[in-house]
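# the following block contains a protein sequence and its predicted model.
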Amino acid sequence: MTTTAYNVYSIHSEEALSHCPVFTVDHFNWGGTYRPVTSGQLGFLPDRGFLLKMTCKETDPCCIYQKDDDPVYLDSAMEAFFCFAPEEENPCYLNFEMNANGAMLACYGRSRQNRTPFSKQLRHDLLCQAEILEDRWCIRLFLPLALVRALYPDVTLDNGSHFTCNFYKIKESEYLTHFASFAPIPTPEPNFHLPQYFASARILGDLL
């Protein structure tokens with residue numbers, strides 16, 4: 001189990017996300033010499049959902065894939081995984097993997113194999129945006145509570161609620177291969193699909 005933790009504050013506007021704590025994706029668990037600087041912020045919009053922004057200081061990111069559910073992890077990609085029932089023995093978790101085109105691979109399931117893509121209905125309010133700047137690229141993702149409730153009908157998310165998550169920077173293809181995570185993953189082979197190593201997260205009160 002990881003001891004990494006992240007506090008998620010309640011915010012009441014998208015602009016307030018810039019004041020949330022910054023996490024860094026700086027555990028390069030499986031070697032490699034290419035190590036782009038990646039960070040992010042996560043906030044909770046009460047009764048609406050989660051807002052995530054991630055930034056990678058990488059110029060000219062590889063972004064071949066254009067369509068949702070393409071294998072964007074072969075491009076330069078930033079990823080967010082969430083588990084909203086971490087107390088379960090074999091919990092369901094969500095993965096959102098995004099490249100600099102804004103193409104997103106999004107699935108859910110209980111293991112790395114046999115993952116289920118989100119239906120069009122569930123994806124409808126998943127707002128993924130990407131932007132390439134001169135010296136970096138960014139993604140923004142809105143994760144609506146309606147989607148979380150559809151997959152976790154017994155879970156209520158408000159102040160004090162606990163869940164787990166991890167954030168990644170990856171390029172799995174041959175050139176500039178790298179695997180970085182927010183919470184470390186102490187395994188010999190690359191594998192981001194290990195919810196037992198997700199960071200602990202808790203929703204706190206309003207960000208002051």
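Good, I have the coordinates.
# which elements pack onto the worst-scoring helix or strand of the chain on mean pLDDT?
Within the chain, no helix or strand scores below helix 120-123, which has a mean of 85 by mean pLDDT, DSSP states H and E. If you count contacts as 3 or more Cβ pairs under 8 Å, 6 or more residues apart in numbering; DSSP states H and E, helix 120-123 packs onto no helix or strand. In short, each C-beta sits where N, CA and C put it, glycine included.
# quick one, what contacts the residue nearest the centre of the chain?
The centre of the chain sits closest to residue 80, judged by Cα atoms, centre = their mean, with a distance of 1.0 Å. Residue 80 sits next to 40, 52, 54, 95, 96, 141, 165, 166, 167, 168 when contact means Cβ atoms under 8 Å, 6 or more residues apart in numbering.
# give me that answer again for 7 Å
With contact set as Cβ atoms under 7 Å, 6 or more residues apart in numbering, residue 80 has these partners: 52, 96, 141, 165, 167.
# just say helix, strand or coil for residue 146.
Using DSSP: H, G, I helix; E, B strand; the rest coil, the three-state assignment for residue 146 comes out as helix.
# and it, how many neighbours?
Using other Cβ atoms under 10 Å, residue 146 has 13 other residues around it.
# residues in contact with it?
residue 125.
# and what of residue 174?
Contacts of residue 174 by Cβ under 7 Å, 6+ apart: none found.
# tell me if I am right that it is in a strand.
No: assessed by three-state DSSP, residue 174 does not belong to a strand; its assignment is coil.
# what are the phi and psi values for it?
Main-chain dihedrals, residue 174, degrees, to the nearest 10: phi -70, psi -40.
# how near is it to residue 34?
Note on residue 174: its distance to residue 34, by Cβ to Cβ, to the nearest Å, is 12 Å.
# do residue 130 as well
Shown here: residue 130 relative to residue 34, a distance of 20 Å by Cβ to Cβ.
# now do residue 16
Distance of residue 16 to residue 34, given as Cβ to Cβ: 33 Å.
# which residue of those two possesses the greater neighbour count?
Shown here are residue 16 and residue 34; by other Cβ under 10 Å, residue 16 has more neighbours (16 against 12).
# what's in contact with the least confident helix or strand of the chain?
With contacts defined as Cβ under 7 Å, 6+ apart, helix 120-123 is touched by 106, 147, 150.
# before we move on, what about stretch 197-208?
Residues from elsewhere that reach stretch 197-208 (Cβ under 7 Å, 6+ apart): 2, 4-11, 16, 19-20, 44, 81, 83, 157-166, 182-183, 185.
# now list the buried members of those residues.
Buried members of the contacts of stretch 197-208, scored by 16 or more other Cβ atoms under 10 Å, are 2, 4, 6, 8-11, 16, 20, 44, 81, 83, 157, 163-166, 182-183, 185.
# what ranges do the helices span in this protein?
Per DSSP state H, the chain carries helices over the ranges 120-123, 145-151.
# how close does residue 149 get to residue 159?
17 Å.
# swap that for residue 23, sorry
As judged by Cβ to Cβ, residue 23 and residue 159 stand 20 Å apart.
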